[in-house]
Each structure stands twice: as C-alpha cells, then as structure tokens.
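S.K.: I'd like to go over a predicted model; first the sequence, then the structure.
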Amino acid sequence: MNETIEARVQKLEDIEALRRLKADYTWFLDHKQWDEWKRCFSSDFVFEVAGNRLPLDEFVAFVSRNLQPLITSHQLHQFKVEFASATAASGVWWLRDHLSHPGNGSEFRGRAYYHETYVKESDGWKISGSVLEYVSSEGYVFTTGPDNGMAVGLTLPPLP
C-alpha cells in the first residue's frame with residue numbers, strides 16, 4: 001500500500017461523507033422534505049428502475065407526487081464504495097423498504113440494491129446516478145386506488 005496517511009484519512013472521510021449522504025437521502029425521503037432530498041443529487045443525476053430512466057427533475061416530481069400520501073421506511077444496510085478518483089466514486093447499498101397507504105390499506109415491502117455513482121462537488125458528495133434493483137418484494141401500494149396511481153412492486157407502470 002503506497003498511499004500516504006493523509007490520502008488514507010481522506011478516503012475514510014469521503015466514505016463517511018457518502019454514508020452520511022445516504023443517511024440524509026433516506027431521512028429526507030421518509031420525512032417528505034423534498035427540497036432537502038433534491039440537494040442529495042447532482043444536477044445531471046439519472047435514476048433507473050425496471051428499465052425506466054428519469055433525469056433529476058422528473059425523478060423528484062414523480063417520487064414526491066407518488067410517495068407524499070404514503071408512510072415510508074427506507075433502511076440501508078451493508079454498503080461498499082470504490083473510488084475512481086478524488087471526486088468520483090461508485091457504491092452498492094442493500095435496501096429494505098416498507099411503504100403503506102393509511103387511506104386504502106395497501107402495503108409494499110421490498111428488498112433491493114442501490115447501484116450508484118457519486119461525484120464530489122464544491123459543496124460535498126452528491127449522487128449522480130442510481131439504479132434500483134429489486135431482488136424480492138411483497139404486495140403493492142397504491143397512491144390512490146388500484147386503478148389510479150402508482151403501484152410499487154417489481155414492475156412499475158409507464159412513467160408520465
């Protein structure tokens with residue numbers, strides 16, 4: 001290992017900053033703090049799930065509109081991070097999520113991986129890309145009713 005102690009400390013500080021970024025991500029998401037949540041992402045962020053790709057503004061609008069009426073709990077577990085440079089990294093996080101609609105009783109529980117890329121900007125690390133890969137799920141949650149609104153499961157309806 002040819003890294004200096006300073007470089008090793010910086011890498012550990014960056015890992016901690018990325019861990020905190022993902023903690024903020026889930027906190028702001030579950031507490032419906034959409035402006036703060038949006039600040040977790042770079043301006044060129046792209047989200048992908050089930051073959052659908054959304055740029056930042058469309059992603060935030062879609063998620064905030066559909067999750068606002070729900071009670072959500074996103075828990076992140078084991079993670080690994082690899083650095084491509086001092087300002088670029090990639091990571092994988094294990095996710096367990098639980099979404100429920102108090103009005104219609106629908107409920108979803110999932111287990112998934114976030115495969116992500118990160119960029120270090122002047123104000124800190126940001127998520128620049130995220131692919132959500134569900135490995136299992138139970139149930140569906142509807143934002144309004146079974147025939148209207150988002151159904152979360154292994155497959156999602158076409159995005160607007």
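M.R.: It's in.

S.K.: buried residues in the longest helix anywhere in the chain?
M.R.: Using DSSP state H, we find that the single longest helix of the chain is helix 5-30. By neighbour count on 16 or more other C-beta atoms under 10 Å, the buried set for helix 5-30 is 14-15, 18-19, 21-22, 25-26, 28-30. In short, each C-beta sits where N, CA and C put it, glycine included.

S.K.: what of stretch 108-127?
M.R.: For stretch 108-127, by 16+ other C-beta under 10 Å, it's 108, 110, 112-114, 116-120, 125-127.

S.K.: ok, of those residues, which one's closest to residue 90?
M.R.: Of all those, residue 90 sits closest to residue 117, with 5.1 Å by C-beta to C-beta.

S.K.: let me know whether the closest one touches residue 89 as I believe.
M.R.: Yes: here residue 117 reaches residue 89: they are 7.3 Å apart, a contact under C-beta atoms under 8 Å.

S.K.: in its sheet, what does the strand of greatest length in the chain sit against?
M.R.: As assigned by DSSP state E, the longest strand anywhere in the chain is strand 124-142. Strand pairing for strand 124-142, using DSSP bridges, gives strand 41-49 (parallel), strand 107-121 (antiparallel), strand 151-152 (antiparallel).

S.K.: hey, least reliable of those strands by pLDDT?
M.R.: Confidence, taken as mean pLDDT, is least for strand 151-152 of the strands paired with strand 124-142 (a mean of 50).

S.K.: ok, the buried residues of stretch 108-127 vs residue 47, which is closest?
M.R.: Each of those was scored against residue 47 by C-beta to C-beta, and residue 127 proved nearest at 9.0 Å.

S.K.: just checking, next helix/strand downstream of the longest helix of the chain?
M.R.: Using DSSP states H and E, the helix or strand that follows helix 5-30 in sequence is helix 34-38.

S.K.: can I get that next one in PDB, CA atoms only?
M.R.: What follows is helix 34-38 as a C-alpha-only set of coordinates in PDB (Å, rounded to 0.1, in the frame of the first residue of the first chain):
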ATOM      1  CA  TRP A  34     -38.400  17.200  -0.900                       C
ATOM      2  CA  ASP A  35     -36.200  20.400  -1.300                       C
ATOM      3  CA  GLU A  36     -33.600  18.900   1.000                       C
ATOM      4  CA  TRP A  37     -33.900  15.500  -0.600                       C
ATOM      5  CA  LYS A  38     -33.200  17.000  -4.100                       C
END
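
S.K.: residues in contact with that helix?
M.R.: 24-25, 28-29, 56, 60, 64 (C-beta atoms under 8 Å, 6 or more residues apart in numbering).
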